[in-house]
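Visitor: what's the 3D shape of this:
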Amino acid sequence: MKTQLKLSMAVLAACFTFSAIAADAPKSMRGLDVAAPDPVAAEKNYVGKRPGTQEPVARTFSTQPPVIPHAVENFDEVNLETNQCLDCHGAANYQKKKAPKVGDSHFVNRDGKKLDEASAGRHNCTQCHVPQVDAPPLVDSDFKGDAVAKKADAAKKPTKKN
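Guide: This is a model prediction of the structure:
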């Protein structure tokens, strides 16, 4: 009888402890219970609909991969044989298409050897470059980035006179 009473008291104590902990359950930065599944985000429209119709989006730090300022849902030809992005951004066509050229870093392999074509390690563009969408940030931030700071510093410097 004593064992059963001790066991019952232990179960009750555990229940009270658990309910007190559950009331102070950790919350995510989005305000949801951590254990709750994230709600599915609404599909957002891309900032630019067609290539060439949108100004490039400013980078917030010098080594940031540029975002893609146009929709990419119809650019599905990125596979082992072809990369549809290079039709406009490759060295052969970028001037004719008035598109930014693929960076020189994409023509160097992991051993530092310069290549005539884009490195296989840089073939999947959307691995680093993402389409820019018109969406509010998930959390508030006052981050400015070093590119913005450098631009502000350049504006403050006096110009040299001859």
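
Visitor: pick out the residue closest to the middle of the chain.
Guide: Nearest to the mean C-alpha position of the chain, by Cα atoms, centre = their mean, lies Val130 at 6.3 Å.

Visitor: so who does it touch?
Guide: 67-68 (Cβ atoms under 8 Å, 6 or more residues apart in numbering). Heads up, the C-betas are built off the backbone N, CA and C, glycines and all.

Visitor: could you redo the last one with a cut-off of 6 Å?
Guide: Residues in contact with Val130 (Cβ atoms under 6 Å, 6 or more residues apart in numbering) are Val67.

Visitor: which pLDDT value belongs to it?
Guide: With respect to pLDDT, Val130 scores 84.

Visitor: I'd like the numbering to begin with 28 instead of 1 from here.
Guide: In the new count, where the first residue is 28, that last one comes out as Val157.

Visitor: distance of it from Gln31?
Guide: Look at Val157 and Gln31: by Cβ to Cβ, to the nearest Å, they are 61 Å apart.

Visitor: so Ala40 is in which element?
Guide: Element membership of Ala40, judged by DSSP states H and E, is helix 29-50.

Visitor: helix/strand/coil for the nearest residue to Lys171 once chain neighbours are set aside?
Guide: Spatial nearest neighbour of Lys171, chain neighbours left out: Thr87 (7.3 Å); criterion: Cβ to Cβ, 6 or more residues apart in numbering. At Thr87, secondary structure determined by DSSP: H, G, I helix; E, B strand; the rest coil is coil.

Visitor: what is the burial count for Thr87?
Guide: 13 (other Cβ atoms under 10 Å).

Visitor: equivalent analysis for Lys123, please.
Guide: 8.

Visitor: report the secondary structure element holding it.
Guide: Lys123 belongs to helix 121-124, assigned by DSSP H and E.
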